[in-house]
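>>> Prediction below, plus the sequence it came from.
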Amino acid sequence: MSSPSSEAPKSAVSTSDAHSVSTSASVLRPSTTSGFPVAPYQPYDPIAEESEKKEEEPQSPDQAEHSHVVVGATGIFSRGYMTISYLLGFKERWSLTLFIVFGGALIGFVLARSFMLDPRASNQKRHLPPGEWFWAGRPPIRGALIAHVYSSFFLAWGTIFEFLPVLRRRTLVLHSINGYIILAILPASIGSGFVIARRTIGGAPDTQVLFYLLGLLVLISATLGMVWVRDVRQHRKWMLRFASLLGVVITARIIMLAARRIISDIGTYYADILDLQLFSCAEILALAPSTLSQYPSCTVAQQSGQFLGSVFVGVHASVNEEPINYGAAFRLAMAAGLWIAFILHVCGIELYIHLSEKANLHLKGYELTR
């Protein structure tokens, strides 16, 4: 989804060509603000830059001997790492590591949830957290859940390939087509997510607000990324924000795994009115009918013929008790994990963009246009 990157010209630029340097993919020209003279475009390579600095620094005999030992111990790994990095098109030393960590997390999450692609009710009911199927099995959430699972599956895979440098440098057409496919799938994923947000994880207002906010920010980031598609620097920033926001749910689930255990060990947490994570008596009856007598409000409502879906009660949150208690722990932990993950991702991606600004501005004073 980025604009073509220019290749380095083989010959120096003459004075007469100062205002027009053409390559097969791009045109490099002076910035309208700086008016700097044109110089041949050389891609920013921090690995080579660091190597030059190290060569200039004198080493003592002890340091030289130690460096030979280190190189001998890690040389095979380093060469393998740099070879893979080169083949995939990464230029910065830590880019491949970041791609493996964050891209691998996205791939792992997609593969781990791939069983949800089976739309049969029995399959999805078995794999959803306790209490979630009560609403997920009914329209319109049932259809929205299926649409969200399929659209998110292909959206995640498309995003992974979109961030491979070798794809956008060697086959720019495929990079662009993949980007437009992602943009076409995105509204379906976000729209179905908005429908599910009304009831998922208990449907509490705080989680609803987060899901709506997250969906809007993802859509805005992707749209602005397409608006700035011919400005490589701005396009890069917005697509990084887009990909980072997609990973909020993954980080939230990791936090949830620890949070629900902590909640259970403390033992004094309830999914109640204070947390806006109440269970309806109808949910309890569907999930654990034998425990309905433990909730007097539900018993009274059932005896009086009142609609059980309109009566809500607090449930003890613990993964060590009945499925209904496990569901309460999941709701409390996931709601907190979502907000923590959202803050971490928003702050983290802005920090990364700031720290990598040197690479993003290696053509400072110039405009790279199609």
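Great, that's in hand. Predicted, not measured: the structure shown is a model, and the values here were computed from it. Numbering: from 1, shown residues only.

>>> Now for the spatially most central residue of the chain: which residues touch it?
By C-alpha atoms, centre = their mean, the chain has its centre lying nearest to G247, at 2.2 Å. Residues near G247 by C-beta atoms under 8 Å, 6 or more residues apart in numbering: F102, A105, L106, H345. For every residue, glycine as well, the C-beta is placed using N, CA and C.

>>> Does A105 touch I250 like I think?
Yes. Assessed by C-beta atoms under 8 Å, A105 is found in contact with I250 at 5.5 Å.

>>> The two - which one has more neighbours?
The neighbour count for A105 versus I250, taken as other C-beta atoms under 10 Å, is higher for I250 (20 against 14).

>>> now stretch 238-253, how far from the chain's geometric center?
Computed by C-alpha atoms, centre = their mean, to the nearest Å, the chain-centroid distance of stretch 238-253 equals 2 Å.

>>> got a list of what F153 touches?
So F153 contacts V110, R113, S114, L117 (C-beta under 8 Å, 6+ apart).

>>> Put together CSV for the contacts of G247, with distance to I76 on each row.
CSV is the format used below for the contacts of G247 (distance: C-beta to C-beta, whole Å):
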residue, distance to I76
F102, 26
A105, 27
L106, 29
H345, 35
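
>>> Let me have those residues in JSON lines, adding pLDDT, distance to W238 and secondary structure as columns.
Listed next are the contacts of G247 as JSON lines, based on pLDDT from 0 to 100; distance: C-beta to C-beta, whole Å; DSSP: H, G, I helix; E, B strand; the rest coil:
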{"residue": "F102", "pLDDT": "91", "distance to W238": "17", "secondary structure": "helix"}
{"residue": "A105", "pLDDT": "92", "distance to W238": "21", "secondary structure": "helix"}
{"residue": "L106", "pLDDT": "92", "distance to W238": "18", "secondary structure": "helix"}
{"residue": "H345", "pLDDT": "97", "distance to W238": "15", "secondary structure": "helix"}
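
>>> Most neighbours among those residues, please name it.
Neighbour max across the contacts of G247 (other C-beta under 10 Å) = H345, 22 neighbours.

>>> so who does that one touch?
S244, L245, G247, V248, T251.

>>> For L285, which residues are in contact?
So L285 contacts L292, C298, Q302, L308 (C-beta under 8 Å, 6+ apart).

>>> wouldn't S280 be in contact with V315 here?
No. Under the criterion of C-beta under 8 Å, S280 makes no contact with V315, lying 10.5 Å away.

>>> Who has more neighbours out of these two?
V315 (29 against 21).

>>> Can you tell me who the more buried one pairs with across the strands?
With DSSP bridges as the criterion, V315 is bridged to A271.

>>> what's the spacing between it and G89?
Here V315 is placed at a distance of 51 Å from G89 (C-beta to C-beta, to the nearest Å).

>>> are any of the contacts of H345 buried, and which?
Neighbour counting by 16 or more other C-beta atoms under 10 Å classes S244, L245, G247, V248, T251 among those as buried.

>>> May I have the phi/psi pair for the third one?
Comment: the main-chain dihedrals of G247 come out as phi -90, psi 0, following degrees, to the nearest 10.

>>> From what I see, L117 and V149 are in contact.
Yes. If you go by C-beta under 8 Å, L117 and V149 touch, sitting 6.3 Å apart.

>>> Among the two, which residue is more densely surrounded?
V149 (20 against 12).

>>> Pull the number of nearby residues for T171.
T171: 12 neighbours (other C-beta under 10 Å).

>>> L257 too?
Neighbours of L257 (other C-beta under 10 Å): 10.

>>> What are the phi and psi values at it?
In terms of degrees, to the nearest 10, the main-chain angles of L257 are phi -60, psi -40.

>>> any idea of the pLDDT on it?
On the pLDDT scale, L257 is placed at 93.

>>> what helix or strand is N123 on?
Per DSSP states H and E: N123 is located in helix 121-127.

>>> Quick one: distance of whatever helix or strand comes next after that helix to the chain centre.
The helix or strand immediately downstream of helix 121-127 is helix 133-136, counting by DSSP H and E. With C-alpha atoms, centre = their mean as the basis, helix 133-136 stands 26 Å off its chain's centre.

>>> now for helix 133-136, which elements pack on it?
helix 121-127, helix 141-162, helix 281-287 (3 or more C-beta pairs under 8 Å, 6 or more residues apart in numbering; DSSP states H and E).

>>> out of the ones you listed, nearest to W228?
Across these, W228 has its closest neighbour in helix 141-162 (15.0 Å, C-beta to C-beta).

>>> for that closest one, which positions count as buried?
Buried residues in helix 141-162 (16+ other C-beta under 10 Å): 141-142, 144-153, 155-156, 158-160, 162.

>>> Could you count how many residues lie near S221?
Neighbours of S221 under the rule other C-beta under 10 Å: 20.

>>> show me what contacts it?
By C-beta under 8 Å, 6+ apart, S221 lies in contact with W238, M239, R241, F242, L245.

>>> Can you verify it is assigned to a helix?
Yes. The assignment for S221 by DSSP: H, G, I helix; E, B strand; the rest coil puts it in a helix.

>>> Setting the sequence-adjacent residues aside, check what's closest to it.
Among residues not flanking S221 along the chain, F242 sits closest, at 3.9 Å (C-beta to C-beta, 6 or more residues apart in numbering).
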